[in-house]
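[1] my questions are about this predicted structure, shown below with the sequence.
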Amino acid sequence: MTHSVSSEMRGDIAVIWIDNPPVNALSFHVRQGIVEELEKAQTQAKAAVLAGRGGTFIAGADIREFGKPIIEPGLPTVLEAVEASAIPLVAAIEGNTLGGGLETALACHYRISSAKAKLGLPEVKLGLLPGAGGTQRLPRLLNDLGDAITIVSSGNPITGSKALEIGLVDGVSEIAVEAAIELAEKVAGQPFEGRCLSKVELTMTAPIKATFDAAEIEVAKRARGAIAPLRALQSVRAAYELPFVDGIKQERAGFVDLVATDQSKALRHIFFAERQSAKPPVNVAGTPRKISRIGILGAGTMGGGIAMTYAEAGFPVTMLEMSEAALDKGFATMEANWSRGIRSGRITAEGVAERMARLSRTTRFEDLGDCDLIIEAVFETMDVKREVFQKLDKVAKQGAILATNTSYLDINEIAAQTSRPEDVLGMHYFSPANIMPLLEIVWADKTADDVLLSALDMAKKTRKTPAISRVGHGFIGNRMLTPYLRQANLLILEGASPEQVDKALTDFGWAMGPISVSDLAGLDIGYKSRKDQDLDDHEKHVYLVADRLVEAGNLGQKSGSGFYEYDPKTRARSENPAATKIIEEVRAELGINTRAIGDEEIVERTMFALANEGAHVLGEGVAQRASDIDVVYNHGYGYPRWRGGPMFYASTVGLPKLAERLVEWSNGSSSQHWNPSDLLMTLAEQGKNFGDFDQEN
Ligand code: CAA
């Protein structure tokens, strides 16, 4: 008997307990323990219940063991033994029953679940397919093939109640283990061969084939380059085409194949990176401050989105604006945004009213006096921020946290406007703030430990993914955007079309290409910021096309045209002839001999520029870990999750290759636009990658 699996007798029923905190993952000792306890139960009990301690059944395989040699018994062996048990087994499903956990439940003969349990096969989210019978047993159990297809290919969990509805469990009960024991007593001594899912025969028919054909097209489209969802779906299809023994072999081979792919490595990397970025930095100690009421300055797009985030999480929010008219507008927008969800069933009218009731409004700074956390989302200039923080300093109660949502400005300077810089930090949200998961927390020089911990705590309470940045122009995310966008603009000057640049990068997996993003954000934003800066000629030339577009009234989507033209009704984009003309004029004016540019060059130049700037950010200590940078780009910028993030991607390409290209470009004709990072060059020379840097620091 191993420590993490034990059993007790309840009359004639053996209850086998899995106890492997925090999530009861199926680590080697758990698998071994299940086999041992099962053997014991065969002689001592008439039936057995498999249950998990700590309110959770089993959250799946131990992800940390992936990629290492499997120590027997592997999960397929364990589940063979489970299904072949001489006594019936009932799974008592509570909490997270995911991946190998659900596969274990499927190998049992009966299943009882709590209503709120989460059941799912999330393997595709880790770039895998369920490798221990999930794709073979699930379609043999469910009433409707469509449900099996959705569960396997989306990776999204369902509740116990839903599981009952679709035939995945035999009953739902508040205390699953007690109901499971009752059921075990009832079925003890009864024949149960018909409950072994491997014995169920499936036949491929023309309608089933048509269902798979249609699903494959849909899944491939939604996957945007991720390979696992389609492979997992094809494994379900194999359940109809092959006998169980062969189907399970094919499924296992698919799992072994996928686990070795860069995609799966990248997705596992980002899974752990997200958990790591939410942890306090070493040497930061204390407890978060108590936060009950939130104050928000500014009811525009950002302020409104931030207010929605907190109201959705149940916090009362006071919103401050300069005028009643601005408040009216902001409140109407928030209500309209929430109300859009009524038609799709995401929220009820009462739900919208409840959230609106959490929002109160004012035009007087004094009314923020009872707020515990005040987030400023006003106009992005230092003069305005200075004034706002001086005023906040006068009205905020002692111990209140004063946060700025600035995207670029120096937070140390903002903090210095107050008599309490230790209470000031950055909480940088991404638009639309109520939807985008990233919260970049900016840790200023004087920010107190418990203020930083409070921001991490609020990220958790509002279901955001945090990443900590130190102060520096543009912090992590926006700073890295500059060299990325610079290369995208240069590629257009050198001969690529806006469509080609965007397509190469959406083919790479980005949610949107950089040129479409610029049009969406508004070309006038970059234009104004460039006018405020003292740029050299090289830098001015990079954005000459964008500047001319703005000067001719093409501001992007909002004006109906930018680099592209937009259909006023559908917003569908097409080539903008005015932009094509401007591009040609600028190329001629700058004396550029255009050339055909390959997609590979577009990807290399933009992605290497991004990783190189990330390496600068890391080398300067603005980011603590390369994996935090990956989190920022995944959650804030639509970077393809299955590539892991800009830094992980660089490691998969190989830092020596990156270093070689950076040297080549920085010695080439556009040398002024390249500044290879010392850290990157050193790691490349030492044969190390960013992951090694993270581990050593
Ligand atoms: N293996 C190893 N460690 C795991 C793990 C797993 N399957 N699931 C969670 N953990 C770890 C986390 O890394 C975290 O560790 P730290 O505290 O050291 O950071 C800890 O457990 C707690 O996890 P969370 O912070 O995520 O806790 P939560 O309560 O917010 O979420 C959860 C719990 C929903 C189970 C979430 O952790 C999760 O989604 N886990 C992954 C589940 C999964 O993908 N399972 C399928 C695995 S693949 C498989 O099973 C293949 C197969 O067919 C054999």
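    Thanks, I have it. Numbering: from 1, shown residues only.

[2] now Met480. Nearest residue, chain neighbours left out?
    Glu613 (4.4 Å; Cβ to Cβ, 6 or more residues apart in numbering). Where C-beta positions appear, they are placed from N, C-alpha and C, glycine not excepted.

[3] got the residues of this structure near the ligand?
    Neighbours of the ligand within the chain, by Cβ under 6 Å from any ligand atom: 22-23, 25, 59-64, 75, 96, 98-100, 103, 122-123, 126, 128, 130-132, 275.

[4] quick check: domain ranges of this structure?
    5-259, 294-475, 496-590 (automatic domain parsing).

[5] hmm, the residue nearest to Met480 is touching Gly477, no?
    No: contact between Glu613 and Gly477 fails when scored by Cβ atoms under 8 Å: they sit 10.5 Å apart.

[6] quick revisit: can you put the domains of the chain in TSV and add mean neighbour count?
    Formatted as TSV, the domains of the chain follow (neighbours: other Cβ atoms under 10 Å):
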stretch	mean neighbour count
domain 5-259	20
domain 294-475	19
domain 496-590	17
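
[7] would you list every one of the helices in the stretch 501-650 of the chain?
    With DSSP state H, counting those that start in this stretch as the criterion, the stretch 501-650 of the chain has helices at 514-521, 523-532, 537-542, 544-551, 577-589, 599-619, 626-636, 646-653.

[8] quick one: the third one to chain centroid distance?
    Going back to what we said before, that points to helix 537-542. 35 Å (Cα atoms, centre = their mean, to the nearest Å).

[9] that one - what's its average pLDDT?
    Regarding helix 537-542, the rounded mean pLDDT is 91.

[10] do the second one as well
    Per-residue pLDDT over helix 523-532 has a mean of 86.

[11] which helices and strands does it pack with?
    The contact analysis (3 or more Cβ pairs under 8 Å, 6 or more residues apart in numbering; DSSP states H and E) places helix 523-532 against helix 544-551.

[12] contacts only, for Gly133.
    Gly133 makes contacts with Pro76, Leu79, Glu103, Leu106, Ala107, Ser198, Ile248, Glu251, as judged by Cβ atoms under 8 Å, 6 or more residues apart in numbering.

[13] what do you get for Leu121?
    Leu98, Gly99, Leu102, Glu103, Pro130, Gly134, Thr135, Leu138, Ile151, Val152, Gly155, Ala232.

[14] which outside residues touch stretch 16-34?
    1-8, 37-38, 41, 48-54, 56-63, 65, 71, 73-75, 78, 82, 96, 100-101, 104.

[15] next, the distance between the ends of that stretch.
    End-to-end distance of stretch 16-34: 8 Å, with Cα to Cα, to the nearest Å as the criterion.

[16] and it, how far out from the chain's middle?
    The answer for stretch 16-34 is 27 Å, by Cα atoms, centre = their mean.

[17] ok, back up a step: next, count neighbours for the residue nearest to Met480.
    Residue crowding around Glu613 was assessed by other Cβ atoms under 10 Å; the count is 23.

[18] tell me the spacing between it and Pro676.
    Distance of Glu613 to Pro676, given as Cβ to Cβ, to the nearest Å: 11 Å.

[19] which residues touch the residue positioned nearest the centre of the chain?
    Here the mean C-alpha position of the chain is nearest to the C-alpha of His635 (Cα atoms, centre = their mean), at a distance of 5.2 Å. When contacts are counted by Cβ under 8 Å, 6+ apart, His635 touches Glu274, Phe430, Met436, Pro437, Leu438, Thr465, Ala467.

[20] using the three-state scheme, assign Glu366.
    helix (DSSP: H, G, I helix; E, B strand; the rest coil).

[21] same check, this time on Ile375
    strand.

[22] begin at 22 from now on, thanks
    Right, with 22 as the first residue, what we last looked at is Ile396.

[23] how close does it get to Ile317?
    Separation of Ile396 from Ile317 (Cβ to Cβ): 5 Å.

[24] who touches both of these two?
    Going by Cβ under 8 Å, 6+ apart, residues that sit against Ile396 and also against Ile317 are Gly324, Ile327.

[25] residues making contact with the host helix or strand of Ile435?
    In the assignment (DSSP states H and E), Ile435 maps to helix 432-436. Identification of contacts with helix 432-436 by Cβ under 8 Å, 6+ apart yields 403, 406-407, 410, 425, 427, 442, 445-447, 463, 465-468, 492.

[26] who are the neighbours in contact with the residue in the stretch 322-471 of the chain that the ligand sits nearest to?
    Closest residue of the stretch 322-471 of the chain to the ligand, Cβ to the nearest ligand atom: Pro458 (13.8 Å). Residues counted as contacts of Pro458 (Cβ under 8 Å, 6+ apart) are Arg484, Lys485, Thr486, His656, Gly657.

[27] and it, its phi and psi?
    phi -80, psi -20 (degrees, to the nearest 10).

[28] mind checking pLDDT for it?
    97.

[29] for Glu295, see how far away it is.
    9 Å.

[30] list residues touching both of those two?
    Thr486, His656.

[31] circling back to that earlier point, what about the contacts of His656, which are in strands?
    Among the contacts of His656, the residues falling in strands (DSSP state E) are Leu459, Thr486, Ala488.

[32] pull the contacting residues for the second one.
    Under the criterion of Cβ under 8 Å, 6+ apart, the neighbours of Thr486 are Glu295, Ser298, Ala299, Pro458, Leu459, Leu460, Ala480, Val652, His656.

[33] recalculate using a threshold of 7 Å.
    Glu295, Ser298, Ala299, Pro458, Leu459, Leu460, Val652, His656 (Cβ atoms under 7 Å, 6 or more residues apart in numbering).

[34] just these now: which is nearest Gly642?
    Ser298 (15.6 Å; Cβ to Cβ).

[35] residues touching stretch 702-718, excluding its own?
    Leu639, Arg646, Ala647, Ser648, Met668, Ala671, Ser672, Leu676, Pro677, Leu679, Ala680.

[36] can you add neighbour count and give these back as a markdown table?
    Formatted as a markdown table, the contacts of stretch 702-718 follow (neighbours: other Cβ under 10 Å):
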| residue | neighbour count |
| --- | --- |
| Leu639 | 25 |
| Arg646 | 22 |
| Ala647 | 29 |
| Ser648 | 26 |
| Met668 | 30 |
| Ala671 | 26 |
| Ser672 | 24 |
| Leu676 | 25 |
| Pro677 | 14 |
| Leu679 | 25 |
| Ala680 | 20 |
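
[37] identify the farthest-apart pair in those residues.
    Arg646 and Pro677 (21.7 Å).

[38] tell me where the stretch 72-221 of the chain has helices.
    96-104, 121-128, 155-162, 166-175, 181-186, 197-208.

[39] contacting residues around the residue nearest to the residue nearest to the centre of the chain when sequence neighbours are not counted?
    Spatially, and ignoring its direct neighbours in sequence, His656 is nearest to Leu459 (3.8 Å; Cβ to Cβ, 6+ apart). When contacts are counted by Cβ under 7 Å, 6+ apart, Leu459 touches Phe451, Lys485, Thr486, Ala488, Val653, His656, Gly657.

[40] between these, which is closest to Thr527?
    Checking those one by one against Thr527 (Cβ to Cβ), the nearest turns out to be Gly657, at 17.6 Å.

[41] partners of the residue nearest to that closest one when sequence neighbours are not counted in the sheet?
    Sequence neighbours aside, Leu459 is the residue nearest to Gly657 in space, at 3.5 Å (criterion: Cβ to Cβ, 6+ apart). Beta-bridge pairing for Leu459 (DSSP bridges): Thr486.

[42] for the record, mean pLDDT for stretch 67-82?
    On average, stretch 67-82 scores 97.

[43] how far does that stretch sit from the chain's center?
    That offset, for stretch 67-82, works out to 28 Å (Cα atoms, centre = their mean).

[44] what's the answer for stretch 45-57, then?
    Using Cα atoms, centre = their mean, the offset of stretch 45-57 from its chain centre is 29 Å.

[45] and for Glu634 and Pro697, which residues touch both?
    Common neighbours of Glu634 and Pro697 (Cβ under 7 Å, 6+ apart) do not exist.
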